[in-house]
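Asker: Provided below for reference: sequence and predicted model.
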2 protein chains.
Amino acid sequence: MAFEQAWLDYSRKLSCEGAGKIASVSIAIPEDRQDDLIGNSVTELQRAFLGLFGRELSVHTGTKACDGICLAFREGMQAEAYHVYEDGGKITIEAADSSGILYGVFALLCHMRTGGSLSGLELAKAPVMPMRMLNHWDNMDGSIERGYSGESFFFEDDEILVNDRTVTYARLAASVGINAAVINNVNVKDAATWLITERYADKVRELADVFGGYGIRLYLSLNYAAPMEVGRLNSADPLSEEVRAWWKKQMAYIFQKVPNLGGFLIKADSEGRPGPFTYGRTHADGANMLAEAALPYGAKIIWRCFVYNCQQDWRDEKTDRARSGYDNFIGLDGQFLDNVILQIKNGPMDFQVREPVHPLFGRLTKTNQMLEVQIAQEYTGQQRHVCYLIPMFREILAFHTYVAKEHDTVEDIVSGRTFAQKNCGMAAVANTGNDENWTGHDMAAANWYGFGRLAFEPELTAEEIAKEWIRLTFGMDEEVEETMLHILMTSWKAYENYNAPLGIGWMVNPNFHYGPSVDGYEYSRWGTYHRADHLGIGVDRSGEGTGYALLYREPNASVYNDKERCPDELILFFHHLPYTWKLKSGKTVIQHIYDTHFEGVEMVDEMVERFKKLQDKLPQKAYQRMLERFLHQKEHAREWRDQINSYFYRKTGIADEKGRKIYG
Amino acid sequence: MAFEQAWLDYSRKLSCEGAGKIASVSIAIPEDRQDDLIGNSVTELQRAFLGLFGRELSVHTGTKACDGICLAFREGMQAEAYHVYEDGGKITIEAADSSGILYGVFALLCHMRTGGSLSGLELAKAPVMPMRMLNHWDNMDGSIERGYSGESFFFEDDEILVNDRTVTYARLAASVGINAAVINNVNVKDAATWLITERYADKVRELADVFGGYGIRLYLSLNYAAPMEVGRLNSADPLSEEVRAWWKKQMAYIFQKVPNLGGFLIKADSEGRPGPFTYGRTHADGANMLAEAALPYGAKIIWRCFVYNCQQDWRDEKTDRARSGYDNFIGLDGQFLDNVILQIKNGPMDFQVREPVHPLFGRLTKTNQMLEVQIAQEYTGQQRHVCYLIPMFREILAFHTYVAKEHDTVEDIVSGRTFAQKNCGMAAVANTGNDENWTGHDMAAANWYGFGRLAFEPELTAEEIAKEWIRLTFGMDEEVEETMLHILMTSWKAYENYNAPLGIGWMVNPNFHYGPSVDGYEYSRWGTYHRADHLGIGVDRSGEGTGYALLYREPNASVYNDKERCPDELILFFHHLPYTWKLKSGKTVIQHIYDTHFEGVEMVDEMVERFKKLQDKLPQKAYQRMLERFLHQKEHAREWRDQINSYFYRKTGIADEKGRKIYG
């Protein structure tokens, strides 16, 4: 098995009804519109047929020779959409643009490789979200912030890498519909500040062109203080003419060198990063300055809403980090230029295993918005535990904000349906590195695969996506599929069970965020508290507390505000409750903690037992690699269970109803 | 003020009765015995007289010219001892060896600079401990493990540094009687493994010679696995003939290159370091192999007893890290060669603010022993908080082990009085770096100064030592002296007050060991637990618990074993007690926690208020540097107070009797 090909490994021979007749690719596209994407589409077909069937496809140009697979433009289709159909043994892939052709090729191959037949084939899809983006947090020294699968393949020793792996990356990303990628860490420092200068421009162009050949726009993270660090100005004030002029000049430079650059991602005034607050300006001032400079080049400014006070005093119970994104941005709604997109994390905190949906969704009505999720599993097992996140993402997308009578879900908003927007979509903090299998845990690749598929077709269920990924990656064996599907589909719940309970989050070791530490963030400056004492636990974010619950539209606000109605899984996020409080499940809070923690471990044990039965059905290297991680997860889930149970048993003195072993 | 001269700054003019007549130094020592030490003694006198009095001393050889300060050997005196006396205006410094002469010079200068007069002068001291050693944990890349005052001045970029600072270091160390120093970290890795090879031998010699000129023997930390890493053998088994031969060859090499090398320090089978356990051998096997190889060169092997299981399961209440040093070494008593010294930390854990004395002291009766303390303040404020440790060290030295009817204290043992040993003494993990003032906090220098003075003359009180250091460093102002003395003498108690209570230790942030984290080490693998639940706290180390208390000789064992008799300050180290337990002080455990934590902060506030009054009396640079640290300590002591009080209030629900603010 060629692990570096991930789900595009064509070395497993395939039998597919109708494929036997396919011997050629015809390019029925005017020559002046045959770009790299068309070339790469053809190459992908050739590569696949050679691998899957041992057959070399011939290539023809023009409509006449069209008796195998025919690539053709059809005007009037939606951008990036594809239509693939069979007619008399001939397969036609139609699209309005070459991205659509490429997506059609990948859709056809996916169909064939997951058991579909060619006769009567009819596939037609248009991507639901306009932007489907990966955010890589790669540093130019080769390290990756919150990276759990090796070093960067974009950077090494302060240089940009462009090589075979870059191409494979682009193929994998494009195959699931990714059409944008930021390659450098949002915390932009040192060499990365210079990516927009002549020091790197040629190499940025080379990379942008490779990406472009697969329909992926290259984006860069910007250092807001670049006018000072690069330009030697003594300010980065967004209202300073000098600063504005510097950005215009610098943008002119980089877009002249790299015309197909998509734009920029900015983390400003957050966790020590510079920003407009330094100059008493708003985020709208900051974002618009950049947007104005980027506008002539059709580029976008993606501005992160992850802004909060990271120097909070834990003694201060009034300040609520959960409110900060909302409080910092709600007053700016309508002030941003149209090529600005606010990138909003799925929850108000930071990628915990369970959070409510970010309250800006449904409150911002005149601002372009993008949903940011994280597949890097920073807080969900760091690609050592399996935690398939697509079910979580689907829940988030399905959340009703009540901003409108219809089309009011998060999916509606970031797809552009709610406010008729085009600059919107979904971004995922990526989980890739230079590990042979890209993602450390082989099963973590399902999150990369799934994120792209979900952003393209959010109507797919998490199961459907998982099945596709399993079949493409491991083949069509039923036992493999059933087992892998079981593991993936139970993994998020299992992780939530043995993690921090009932939506409270943050019971992790500080800094590296791995492994349990109930009080790890309790007395810290990060605004992340559980407020557990011997009687109760939870943060009062109701109207009588920090008021956070009331930021939502009705009826969400009333539901979250009322401890009798608030969903169990979020109850400690919104309310401080006695351990003896009866949940809607009928259990007390303390018994819920004990039960879920024992259950979480049992679920992992079950996963591992099932997984072991696949020993003879998986490539041995992959099996061993996964087994090692599963055995670690098995032990580490116990560590979570025991630390959390012991912590609460010691604190409350309340025994487990079922008399299971809790260490005193 | 020349900060880099620390307490040897001679730039402050001095008036000293009788010093006005001194115009020369006479060296009444046979020429063939005039070594570097004698030369450095003379130079020190010249430098001091020039600085203090603006007078150049002439130098003569032979007895005739002896009308100023006369240096003379007198046979029959103890090694390193000095006798300094005035007779008719003439000052004689007598000793049996040149180390004694140098110590006499420093004693004379100290006497003059701390207010003593020369008329009727009579100073006679012999060092009480044979070895008075500093252990530097410097890495060859220039970093210092647990270093809090800058980078290393011994190493940079994998090279050894020998320069002016080396000489000043040697003068400072020698001036307080230090006669041995290990320059490299006990965790020997990478380049440091090669210090005993030709890669570094010439430079090691150069450094050893500088040290030698001040009576300091250079020691190196060894990598136990050097036969494999350097010698390319496939084992480091101490009973392997091949391994033994390799060490003999390597020792022959390094001692031929550096004949005055003192020997080696070894951390083996500890915290991941290699050792004889790998081969099923004992520490005696390991140490004796090295001792045999080093014996022909008169060198010593200092073997650390800091051996414990650092992969403990926190759920396991039977294993007790406190026992491990004892359990690992007690069975080896009498098996070590005479040039082996076991280096034993002052307590069974690791340099906490309060620990019982290590139980090996008083149990080992046929083994050379050295007491290891730490002035680097790893767990006592890291040279940002002031914490004068000499009062702690004196308590440790005064501890009666009851190993004999008399001469049974730790001081007796490590001075060689108890078992008539010579290879013994005291070592301190050093607190120096390349900060201008050597020790980060200017007041931390009192620990360096004090350690040396204490090892030389343990009969000195902590106050006497502090006064000397204050006078030498800041001059003779009474207010300065009174204030500094108050601060130093209350600092350990203040730190203990706001730190972990009643001897339990370890409530610090993992890894970097700075700042409060009550549960930071509670569920860890390090064997460091407080076992607090909502009813009580403490580790049962009595006979009914881990049995640790019974390792001591009577009556210590009975006292520690009995919760009614165990001293308050150690009671949670030895016993698990309810929060409502009445201490001998009359307070409950919980009220003691609250009271001491409020008191600790008040003590710091008092220190800082007093210190601020010295603004016009101290060099401004030093004042500002200290003020900044005091203000940090003031705030950080509150962090300790509030986190610890909140933790226990939340856990117990017991209110403070005095109704002070505790954050819920």
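Answerer: Arrived safely, thanks for sending. Everything quoted here is computed from the prediction, not taken from an experiment.

Asker: where's the nearest residue to A:Val243 once chain neighbours are set aside relative to A:Leu14, distance?
Answerer: Using Cβ to Cβ, 6 or more residues apart in numbering or on different chains and skipping residues adjacent in sequence, the residue nearest A:Val243 is A:Pro227, 4.9 Å away. In this view, the C-beta of every residue, glycine as well, is placed from N, C-alpha and C. Noted for A:Pro227: a distance of 55 Å to A:Leu14, by Cβ to Cβ, to the nearest Å.

Asker: And for A:His575?
Answerer: Look at A:His575 and A:Leu14: by Cβ to Cβ, they are 54 Å apart.

Asker: re the thing from before, which one's more surrounded, A:Pro227 and A:Leu14?
Answerer: Taking neighbours as other Cβ atoms under 10 Å in any protein chain shown, A:Pro227 and A:Leu14 compare with A:Pro227 leading, 23 against 17.

Asker: if we can go back for a sec, quick one: the residue nearest to A:Val243 is in a helix?
Answerer: Yes: applying DSSP: H, G, I helix; E, B strand; the rest coil, one finds A:Pro227 inside a helix.

Asker: Thought A:Trp247 was touching it, still the case?
Answerer: Yes: with contact defined as Cβ atoms under 8 Å, A:Pro227 reaches A:Trp247; the gap is 6.8 Å.

Asker: For the stretch 401-550 of chain A, what lies in contact range of chain B?
Answerer: Residues of the stretch 401-550 of chain A lying near chain B by Cβ under 8 Å from any Cβ of the partner chain: A:Asn509, A:Pro510, A:Pro516, A:Ser517, A:Val518, A:Asp519, A:Gly520, A:Tyr523, A:Ala532, A:Asp533, A:His534, A:Leu535.

Asker: What subset of these is buried?
Answerer: A:Asn509, A:Pro510, A:Pro516, A:Ser517, A:Val518, A:Asp519, A:Gly520, A:Tyr523, A:Ala532, A:Asp533, A:His534 (16 or more other Cβ atoms under 10 Å in any protein chain shown).

Asker: secondary structure element for the fifth one?
Answerer: When you say that, I think you mean A:Val518. When elements are assigned from DSSP states H and E, A:Val518 belongs to no helix and no strand.

Asker: Look up how far A:Tyr663 lies from it.
Answerer: The gap separating A:Val518 from A:Tyr663 is 13 Å, by Cβ to Cβ.

Asker: partners of A:His60 in the sheet?
Answerer: A:Ser26 (DSSP bridges).

Asker: Look at it and say how many residues are nearby.
Answerer: Using other Cβ under 10 Å, A:His60 has 17 neighbouring residues.

Asker: does it really touch A:Ser26, like I thought?
Answerer: Yes: between A:His60 and A:Ser26 a contact is recorded at 4.7 Å, counting by Cβ under 8 Å.

Asker: Show me what from chain A comes close to chain B.
Answerer: Near chain B, when you scan chain A using Cβ under 8 Å from any Cβ, you find A:314-315, A:509-510, A:516-520, A:523, A:532-535, A:639, A:642-643, A:646-647, A:649-653, A:663-664.

Asker: dump the residue contacts of the spatially closest residue to A:Arg205 that is not a sequence neighbour.
Answerer: Distances taken as Cβ to Cβ, 6+ apart put A:Val258 closest to A:Arg205, at 4.5 Å, once the chain neighbours are dropped. If you count contacts by Cβ atoms under 8 Å, 6 or more residues apart in numbering or on different chains, A:Val258 has them with A:Ala201, A:Val204, A:Arg205, A:Ala208, A:Leu218.

Asker: what does A:Thr319 give?
Answerer: Applying Cβ under 8 Å, 6+ apart, one finds that A:Thr319 lies in contact with A:Asn309, A:Gln312, A:Asp313, A:Gly527, A:Thr546.

Asker: who touches the third one in this structure?
Answerer: Residues in contact with A:Asp313 (Cβ under 8 Å, 6+ apart) are A:Thr319, A:Arg525.

Asker: ok so, going back, from chain B, how far off is the residue nearest to A:Arg205?
Answerer: 39 Å (Cβ to the nearest Cβ, to the nearest Å).

Asker: Show the model's pLDDT score for that residue.
Answerer: pLDDT, A:Val258: 98.

Asker: Equivalent analysis for A:Ala65, please.
Answerer: 67.

Asker: In terms of secondary structure, what does the lengthiest strand in chain A contact?
Answerer: Counting residues, the longest strand in chain A under DSSP state E turns out to be strand A:131-138. Judged by 3 or more Cβ pairs under 8 Å, 6 or more residues apart in numbering or on different chains; DSSP states H and E, strand A:131-138 is in contact with strand A:180-184, strand A:369-374, strand A:425-429, helix A:445-456.

Asker: Now the residue of the stretch 551-664 of chain A found nearest chain B. Nearest residue, chain neighbours left out?
Answerer: Of the stretch 551-664 of chain A, the residue with the smallest distance to chain B, taken as Cβ to the nearest Cβ, is A:Arg650 at 3.6 Å. Sequence neighbours aside, B:Asp533 is the residue nearest to A:Arg650 in space, at 3.6 Å (criterion: Cβ to Cβ, 6+ apart).

Asker: show me the contacts for the one you found.
Answerer: So B:Asp533 contacts A:Tyr649, A:Arg650, A:Lys651, A:Gly653, A:Gly664, B:Lys651 (Cβ under 8 Å, 6+ apart).

Asker: likewise A:Met426?
Answerer: With contacts defined as Cβ under 8 Å, 6+ apart, A:Met426 is in contact with A:Met129, A:Met131, A:Arg132, A:Met133, A:Met370, A:Leu371, A:Glu372, A:Val373, A:Val414, A:Phe451, A:Leu454, A:Ala455.
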